[in-house]
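Student: could you work out the structure for the sequence below:
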Amino acid sequence: MTANRIRLINLGNFDKKLLHEISQEVHGTFRIQVELQEEYVDLSPFFDSARKQYNGNELLKLIDTKTPNENTKTMGLFEVDLFIPILTYIYGQAYLNGKSGIASSHRLGNERYGLKINPSLFKQRFIKEINHELGHCFGLVHCRQPGCVMQSSTYVEDIDQKDTGFCSGCQELLKNSNAAI
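Tutor: Down below sits the predicted model:
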């Protein structure tokens, strides 16, 4: 079934202007309707006190329950530090060929690394992570093509090396998967 809508759920305290700009970029990439939604969720049940991080697997399950149907791809946008048991941290994750994903801005700001705050770079990093996770929702796996947003990212510098969009090979796979791109 073809997705005809992407829903971005603000589960952090993101600036409305930033979210609007991100939604426009996502719309430009996927060429389908993008809607913004704000929601409050008590994140305390997802907090692992030993790691001082939030369980990405459980948050992804939560977002999946908030996705109304297969015609919608839903991304939960967080500001908290995410982990999955096999990794120290993650920027996001999604169900492959699924209807939902999550992305966190927690590790995307320069200030986290002792560098000067750069709002433009922060926004670009967040867009790349959202597009990457949505790519998984549309069935894409990690890509080895330099610059493709579907390249795997272990470090924030890896994110900086990517474009916000897909390489020609991934674009073709998206077309074949009935994505609007």
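Student: pick out the residue nearest the middle of this structure.
Tutor: residue 130 (2.7 Å; C-alpha atoms, centre = their mean).
Student: how many neighbours does the residue nearest to residue 110 when sequence neighbours are not counted have?
Tutor: Excluding the flanking residues, the one nearest residue 110 by C-beta to C-beta, 6 or more residues apart in numbering is residue 118, at 4.9 Å. Yep, even glycine has a C-beta here, placed from its N, CA and C like the rest. Per other C-beta atoms under 10 Å, the neighbour tally for residue 118 reads 13.
Student: with residue 157 instead?
Tutor: 9.
Student: roughly how far apart are it and residue 135?
Tutor: 20 Å (C-beta to C-beta, to the nearest Å).
Student: same question for residue 70.
Tutor: For residue 70 relative to residue 135 (C-beta to C-beta), the value is 17 Å.
Student: those two: who's more crowded?
Tutor: residue 135 (28 against 11).
Student: bridge partners for the closest residue to residue 66 other than its chain neighbours, pull those for me.
Tutor: Distances taken as C-beta to C-beta, 6+ apart place residue 74 nearest to residue 66, at 6.2 Å, with adjacent residues excluded. Beta bridges link residue 74 to residue 7, residue 100, judged by DSSP bridges.
Student: what residues are up against residue 74?
Tutor: 6, 7, 8, 9, 63, 64, 66, 67, 99, 100, 101 (C-beta atoms under 8 Å, 6 or more residues apart in numbering).
Student: pLDDT-wise, what's the bottom of those residues?
Tutor: Minimum pLDDT across the contacts of residue 74 is recorded for residue 67, with 82.
Student: in a strand, that one, correct?
Tutor: No. Counting by DSSP: H, G, I helix; E, B strand; the rest coil, residue 67 is not part of a strand but coil.
Student: surely it touches residue 100?
Tutor: Yes. Contact criterion C-beta atoms under 8 Å: residue 67 and residue 100 qualify, at 4.8 Å.
Student: list the residues that are in contact with both of the two.
Tutor: Going by C-beta under 8 Å, 6+ apart, residues that sit against residue 67 and also against residue 100 are 73, 74.
Student: can you tell me the SS state at residue 135?
Tutor: helix.
Student: which one is it nearest to, not counting chain neighbours?
Tutor: Excluding its sequence neighbours, the residue lying closest to residue 135 (C-beta to C-beta, 6+ apart) is residue 150, at 5.1 Å.
Student: roughly how far apart are that neighbour and residue 164?
Tutor: Here residue 150 is placed at a distance of 11 Å from residue 164 (C-beta to C-beta).
Student: ok, now residue 172?
Tutor: 18 Å.
Student: over to residue 105?
Tutor: 15 Å.
Student: as PDB, could you dump the C-alpha coordinates of stretch 16-30?
Tutor: Written as PDB, here are the backbone C-alpha positions of stretch 16-30 (Å, rounded to 0.1, in the frame of the first residue of the first chain):
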ATOM      1  CA  LYS A  16       7.600  25.800  15.700                       C
ATOM      2  CA  LYS A  17       9.500  27.600  13.000                       C
ATOM      3  CA  LEU A  18      12.200  24.900  13.000                       C
ATOM      4  CA  LEU A  19       9.600  22.200  12.700                       C
ATOM      5  CA  HIS A  20       7.800  24.000   9.900                       C
ATOM      6  CA  GLU A  21      11.100  24.300   8.000                       C
ATOM      7  CA  ILE A  22      11.900  20.600   8.600                       C
ATOM      8  CA  SER A  23       8.400  19.600   7.400                       C
ATOM      9  CA  GLN A  24       8.900  21.700   4.200                       C
ATOM     10  CA  GLU A  25      12.300  19.900   3.600                       C
ATOM     11  CA  VAL A  26      10.700  16.500   4.200                       C
ATOM     12  CA  HIS A  27       7.900  17.400   1.800                       C
ATOM     13  CA  GLY A  28      10.400  18.500  -0.800                       C
ATOM     14  CA  THR A  29      12.200  15.200  -0.500                       C
ATOM     15  CA  PHE A  30       9.300  12.800  -0.500                       C
END
